[in-house]
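> make a model of this:
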Amino acid sequence: MVERRRETAGFIHLATAGPSYGKGGQEVRQPGVTEVVSGRPGTGGAVAGLTRVGLQEDTTMKALVYHGPRDVSVDDVPDPRIEEPRDVIVKIITTNICGSDLHMYEGRTDMESGRILGHENFGEVIEAGEAVERINVGDIVSLPFNVACGSCKNCNAGFTNYCIRANPDYPRLCGGAYGFADMGPWEGGQAEFLRVPWADFNCCKMPEDGREKQNDYVMCSDIFPTGYHATEMAGLRPGESVVIMGAGPVGLMAALSSVVKSASLIMVVDRHPDRLALAEKIGAIAIDDSKVNPVERVLELTGGEGADRGCECVGYQAHDPQGHEHPDDTLNKLVESVRYTGGIGVVGVFVPEDPGGADDLAKHGRVPLEYGWHWYKGQTIGSGQCPVKRYDRHLRNLIHTGKVEPSYILSHELPLREAPDAYAHFDKREPGWTKVTLKPGLG
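Here you go, the predicted structure:
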């Protein structure tokens with residue numbers, strides 16, 4: 001069976017064709033349908049040899065477009081195209097709203113108007129460039145939010161989060177991501193279709209239960225690996241204790257990763273009851289910092305010593321319980337609550353420039369850190385975005401074998417057309433809005 005794309009009244013739909021095609025490939029035209037099928041040398045039949053399904057000219061898709069602070073809409077935009085031989089086009093099955101999307105949504109970055117948002121993407125490959133070898137049309141894939149070439153010195157060293165070739169502003173800026181400020185020109189995936197460069201390297205192929213467990217597997221594109229990365233940078237080992245600042249989606253994934261790693265004591269600090277309830281659901285101890293001093297509570301739970309490890313999963317828009325913003329709040333609480341020689345992993349987003357910062361220091365990305373205590377206690381701090389490819393296949397396998405279900409944090413499955421309202425609810429941290437996934441195919 002060969003899939004083809006059909007244009008009807010400005011929309012693109014998938015239809016199914018039954019005939020087989022030979023090794024050399026051929027162009028097939030029917031009324032209202034344009035389809036191009038190419039066979040790979042040395043392969044036989046339509047499915048094994050299919051490398052691309054051509055797109056009609058001047059077609060459009062639906063996508064969530066950023067227009068300015070708290071101003072997004074689902075618009076008609078041009079379809080993505082194969083631009084380089086190693087590209088593929090992915091039909092998006094599900095795409096999440098991430099907490100870091102809110103930094104752009106709120107106008108706290110220099111995100112350009114007209115860009116498509118969305119970096120947590122999962123879908124089906126429907127078209128492949130002529131140089132793509134490992135990924136086939138029809139594959140179900142999770143897409144690491146890092147756009148990476150796979151061959152520069154950073155990628156070769158395992159730092160796909162800092163790919164040199166993915167950002168045209170290198171060396172001033174480094175690393176690429178879909179639909180993200182200052183991380184290259186790559187459009188986001190909160191849309192019907194997405195262009196994926198360097199596809200053999202960037203696509204994480206799913207097993208046969210890919211569609212069935214799509215709400216779990218999509219978490220491998222960002223938040224599950226990112227939460228795991230926080231525990232790795234902190235140095236968490238089996239039998240150790242860990243305190244996690246923030247029970248948003250990434251903080252909850254850090255807690256889940258701590259369970260996977262057999263931590264003896266997992267403490268999660270937040271003040272939103274629905275989020276803290278999700279932390280308790282997997283065996284963590286919830287600490288409500290609007291009711292108790294979180295540092296004192298951690299010390300109490302660890303016999304005065306402090307946690308072995310700490311994870312920062314909030315970032316530069318950290319607030320105190322009274323609603324005042326303090327970018328240093330969670331960092332310094334970790335310095336105080338992690339023991340001597342302990343480790344801290346920071347995956348919450350911090351930026352070099354913050355136009356909406358609370359003071360002049362914050363506007364220039366400068367955070368007052370209790371470095372004296374940090375140094376005196378001999379702590380280590382690891383920081384930076386997650387290199388998703390370091391972890392996504394391992395975490396995928398845990399999902400496939402039923403060891404974990406990261407979708408337990410998911411609160412809403414919505415059609416793409418409801419994305420603007422979903423952003424507004426998620427931005428207000430309204431009760432019950434813990435994690436949102438968008439499904440372009442829901443209508």
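
> tell me the secondary structure for Ser258?
Following DSSP: H, G, I helix; E, B strand; the rest coil, Ser258 is assigned to helix.

> please name the nearest non-neighbouring residue to it.
Leaving out its chain neighbours, the residue that sits closest to Ser258 by C-beta to C-beta, 6 or more residues apart in numbering is Ile266, at 4.8 Å. Quick note: C-beta positions are derived from backbone N, CA and C, even for glycine.

> tell me which residues touch that neighbour, please.
Residues in contact with Ile266 (C-beta atoms under 8 Å, 6 or more residues apart in numbering) are Ser241, Val242, Ile244, Ala255, Ser258, Val259, Ala279, Gly283, Ala284, Ile285.

> what bridges to it?
Beta bridges link Ile266 to Val242, judged by DSSP bridges.

> Ile287 versus that one, what's the distance?
According to C-beta to C-beta, to the nearest Å, Ile266 and Ile287 sit 11 Å apart.

> do Val260 as well
Distance of Val260 to Ile287, given as C-beta to C-beta: 21 Å.

> now swap in Pro85 and tell me
Taken as C-beta to C-beta, the span from Pro85 to Ile287 is 52 Å.

> settle it for me: which of these two has more neighbours?
Between Pro85 and Ile287, counting by other C-beta atoms under 10 Å, Ile287 is the more crowded of the two (26 against 11).

> now that one: which helix or strand?
strand 285-288 (DSSP states H and E).

> could you measure from the closest residue to Arg86 other than its chain neighbours over to Ile82?
In this structure, Arg86 finds its nearest non-sequential neighbour in Ala131, 4.9 Å apart by C-beta to C-beta, 6+ apart. Distance of Ala131 to Ile82, given as C-beta to C-beta: 10 Å.

> look at these two and report which has more neighbours.
Comparing Ala131 with Ile82 by other C-beta under 10 Å, the one with more neighbours is Ile82, at 19 against 12.

> returning to that earlier point: narrow the contacts of Ile266 to those that are buried.
Ser241, Val242, Ile244, Ala255, Ser258, Ala279, Ala284, Ile285 (16 or more other C-beta atoms under 10 Å).

> buried residues in the helix or strand harbouring Val298, which are they?
Here Val298, judged by DSSP H and E, is contained in helix 294-301. Going by neighbour count (16+ other C-beta under 10 Å), the buried part of helix 294-301 is Pro294, Val295, Arg297, Val298, Leu299, Leu301.

> can I get that helix in CSV? Just the C-alpha atoms.
The C-alpha trace of helix 294-301 is given here as CSV (Å, rounded to 0.1, in the frame of the first residue of the first chain):
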residue,chain,number,x,y,z
PRO,A,294,11.7,23.9,51.4
VAL,A,295,15.3,24.0,52.5
GLU,A,296,14.4,23.3,56.1
ARG,A,297,12.0,20.5,55.0
VAL,A,298,14.7,18.9,52.9
LEU,A,299,17.2,19.1,55.8
GLU,A,300,14.6,17.6,58.1
LEU,A,301,13.9,14.7,55.7
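
> show me what it is packed against.
strand 241-245, strand 265-270, strand 285-288, helix 329-337 (3 or more C-beta pairs under 8 Å, 6 or more residues apart in numbering; DSSP states H and E).

> and of those, who's closest to Gln190?
Gln190 lies closest to strand 265-270 among the helices and strands packed on helix 294-301, at 25.9 Å (C-beta to C-beta).
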